[in-house]
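[1] mind folding the following:
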Amino acid sequence: MKEEFENCGIAGNTAVDSPTDLAMEYKIVEIFHSIQGEGAKCGIPHVFIRFGKCNLQCEWCDTDFETFTTMTAIDILGEVLKFDCRKIIFTGGEPMLNDLWPLHRLLKARGYELSCESNGTIDIPEGLLDWITISPKDQEYPNVSIRQRTGNELKCVYVGQDLSLYDDLKHGFEHLFLQPCYIHSQDVEWNGKNFALTEKVVKDNSPWRLSLQTHKWMGID
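    Numbering: from 1, shown residues only. Sure thing, here's the model as predicted:
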């Protein structure tokens, strides 16, 4: 194992990796290369690292975050390096339940851009990420505090809530997105009506923008 760690450098045979970082363990649902289908970076290819476990349980969540494999950081790195893509998204579940600094050091040393999608209930350390997306779930959990109050984009799932709910929060973000709640168990008519309602709310509430889960329309992850 020691030799494996020592050989896990970057181009030029420069040793940059800490054995402690490489041995860090994470609960991983899946790692895959796809197109970001939502928000400000819609259409841009990324490698998604989906973590297991979440501190919330939203009824519309489409991730089985209780089914995961324990992987070391070196194994995660090996999977990520299979793809010709230097943009990473940490997602979940809730990625901020993890200590992401070991992955940060390993990936930034190789020139990766790091983003996350978080529910905002856990503070995100300064300098950990290049892009922060916060998707608060206080429309479902009104007694849960949003601790991460700054970032690049605020992306809210619309289930009929009053947008004044975000009056204090939205000033910490450059991009504001409202996203229709898409529920797999509902039929096309139900989801279509919800899409139309969300579109109307966005038209009446500048500067909010509409975010659609375009990857679901395309039938990809």
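
[2] number of nearby residues for the nearest residue to residue 191 once chain neighbours are set aside?
    Leaving aside its sequence neighbours, residue 191 sits nearest to residue 182 (CB to CB, 6 or more residues apart in numbering; 5.7 Å). All C-beta spots, glycine's among them, are computed from the backbone N, C-alpha and C. Neighbour count for residue 182, taken as other CB atoms under 10 Å: 17.

[3] for residue 182, which three-state class applies?
    Three-state call for residue 182 (DSSP: H, G, I helix; E, B strand; the rest coil): coil.

[4] from residue 86, how far off is it?
    29 Å (CB to CB, to the nearest Å).

[5] what sits against residue 189?
    Contact analysis of residue 189 by CB atoms under 8 Å, 6 or more residues apart in numbering lists nothing.

[6] which SSE is it in?
    helix 188-203 (DSSP states H and E).

[7] repeat that for residue 102.
    Per DSSP H and E: residue 102 is located in helix 101-108.

[8] what's the lengthiest strand in the chain in contact with?
    Longest strand in the chain by number of residues (criterion: DSSP state E): strand 25-35. With contacts defined as CB under 8 Å, 6+ apart, strand 25-35 is touched by 43-53, 63-65, 67-73, 76, 79-80, 83, 85, 92-93, 98, 103, 215, 218, 220-221.

[9] ok, stretch 112-127 next?
    Stretch 112-127 is contacted from outside by 41, 46, 54-56, 80, 86-92, 94-97, 100-101, 104, 107-108, 128-137, 144-149, 151, 155, using CB under 8 Å, 6+ apart.

[10] which of the residues you listed are buried, as a ChimeraX select command?
    Listed next is the ChimeraX selection for buried residues among those, using 16 or more other CB atoms under 10 Å:
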select :41,46,54,80,87,88,89,90,91,92,94,95,96,97,100,104,107,108,128,129,131,132,133,134,135,136,137,146,148,149,151,155
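
[11] sweet, I'm off.
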